[in-house]
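[1] sequence and computational prediction follow.
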Amino acid sequence: YDGKCVFCRIARREEPGTALLPCEYEDLVCFRDIRPDAPHHYLVVPVEHMQNCKTLKTEHIPIVKRMMEVGKAVLQRNNFSDLNDVRMGFHWPPFCSISHLHLHVLAPASQLGFLSRLLYRINSYWFIT
């Protein structure tokens, strides 16, 4: 836990202004991005402080898979069912605004604006899926 990290505080429910969405796993939280780049833009965050996607190792595969499950589930709960029109991924350091692992879930990807399409470009130097 890093008390200076906003995502750690959100995950521990210490940020009353951030509403957590229902999540199937106790080691993850999900909430809306404060600056959405799509009609549906959610962040899935581990409760445990993890630096970023660059620090992921083989043993983290299960948590990343659960993060993706949560992303799909929150979209479906919010009446978005076209999972072929979804963009999910991580910003690659140093392009992370917050140094706590977080999965971006954006939909519909087809409605991303010009800058958002660049910012969340699949497997670019700054965003990996």
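    Nice, I can see it. Numbering: from 1, shown residues only.

[2] quick one: residues contacting Tyr125.
    Applying C-beta atoms under 8 Å, 6 or more residues apart in numbering, we find Tyr125 in contact with Trp92, Phe95. Yep, even glycine has a C-beta here, placed from its N, CA and C like the rest.

[3] and the spatially most central residue of the chain, how far from Met68?
    Nearest to the mean C-alpha position of the chain, counting by C-alpha atoms, centre = their mean, stands Leu103 at 2.4 Å. Per C-beta to C-beta, to the nearest Å, Leu103 is found 7 Å from Met68.

[4] now for these two: what residues contact both?
    Common neighbours of Leu103 and Met68 (C-beta under 8 Å, 6+ apart) are Val44, Met88.

[5] re earlier: correct me if wrong: the residue nearest to the centre of the chain contacts Lys72.
    No: Leu103 is beyond contact range of Lys72, at 10.9 Å (criterion: C-beta atoms under 8 Å).

[6] quickly find the element holding Val45.
    Per DSSP states H and E: Val45 is located in strand 40-46.

[7] what pairs with that strand, and is each one parallel or antiparallel?
    Strand pairing for strand 40-46, determined by DSSP bridges: strand 28-32 (antiparallel), strand 103-107 (antiparallel).
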